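**Student:** predicted model and sequence follow; I will ask about them next.
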Amino acid sequence: MTQSPDTSALPQFSQLTIQGEDAEKFFQGQLTCDVTKLGLSYQAAAIGNLKGRIEFGIWIKKQAEKQYDVVISSDCAESLQAHLKKYGAFSKFETSAPVAIYPCVLDNVPTFSHKDDHNTTEDTQAWMQCSIATGNYWIVAATQGEFQPQELRLHQRGGMDYDKGCYLGQEVIARIYFKSAPKAFLHYVKGTGEVPAAGDKIDKIQVVNAVANAEGFEALVITRPEYLVDSLLTPLDLPAALQADVARAK
């Protein structure tokens, strides 16, 4: 029997709208993805810190000319607002107050909706399960600054562009990509027992996200492949695009 979800622990998300003359230029110097290529579908992306780790894990789409919608875990929304205010102090754009947006699955793809009929535990659970199975991780306050984008396979999901120029953390991220490769990276696993929280460590394995299933839980974790062999966790298959080597193709 599947564990009953603790509704207080279910992820919640907020959307901020950023619009103005300098919105694209500003985001191009902040995000790991190429903002000029964004469309009307949510693209997973990140804002890094100076250590090359993800400070804000987001989904972004271009809603209209000079207008972008950004979705983020609600417990990170306030710090994202402060970040935008700090780094965008001399840029011409406005940032809306955060509004609630609801995780859901449409056409077997995890996404978000403003419709109240998607504001249900069932929709959120379905989104979590689909997201974990497809590598659609989400960063919460407890995991800000914990993971490097390449470790999370963000480059294999279109969320990183190595040719677009500078952005926060770009020097560290590019160095890892062009001169080495992460030894620990994203895996999809299942386990038994209590569902671990985001950021928890199971020996040498760090949890990114987890959701209850009939036997225990499924999770996205960061670890070296050899550490999984000696663990009690069972590896599962990510989508084909996320099974490739995380290193740069030579």
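**Tutor:** Yep, that arrived.
**Student:** low pLDDT regions in this structure?
**Tutor:** 1-8, 250 (pLDDT under 70).
**Student:** strands of the chain, residue ranges please.
**Tutor:** 13-19, 43-48, 54-64, 67-73, 94-95, 99-106, 109-113, 185-192, 201-202, 205-212, 216-223, 234-236 (DSSP state E).
**Student:** okay, now the closest residue in space to Q144 that isn't next to it in sequence: neighbour count?
**Tutor:** Leaving aside its chain neighbours, Q144 sits nearest to E55 (5.6 Å; criterion: CB to CB, 6 or more residues apart in numbering). No exception for glycine: its C-beta is placed from N, CA and C like everyone else's. Neighbour count for E55, taken as other CB atoms under 10 Å: 20.
**Student:** got the contact list for stretch 90-107?
**Tutor:** 11-23, 25-26, 66, 71, 74, 77-78, 81, 84-85, 88, 110-116, 118-119, 123-124, 126-128, 130-131 (CB atoms under 8 Å, 6 or more residues apart in numbering).
**Student:** for ChimeraX, what selects the buried ones among the residues you listed?
**Tutor:** In ChimeraX, this line selects whichever of those come out buried by 16 or more other CB atoms under 10 Å:
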select :11,12,13,14,15,16,17,18,19,20,23,26,71,74,77,81,84,88,110,111,112,118,119,123,124,126,127,128,130,131
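**Student:** just the C-alpha atoms of stretch 210-218, please, in PDB.
**Tutor:** C-alpha atoms of stretch 210-218 as PDB (Å, rounded to 0.1, in the frame of the first residue of the first chain):
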ATOM      1  CA  ALA A 210      11.900  11.700  -3.400                       C
ATOM      2  CA  VAL A 211       8.300  10.500  -3.600                       C
ATOM      3  CA  ALA A 212       6.500   7.600  -1.800                       C
ATOM      4  CA  ASN A 213       5.500   4.500  -3.800                       C
ATOM      5  CA  ALA A 214       4.000   1.100  -2.800                       C
ATOM      6  CA  GLU A 215       7.300  -0.400  -1.500                       C
ATOM      7  CA  GLY A 216       8.900   2.700  -0.100                       C
ATOM      8  CA  PHE A 217      10.100   5.500  -2.300                       C
ATOM      9  CA  GLU A 218      11.500   6.500  -5.600                       C
END
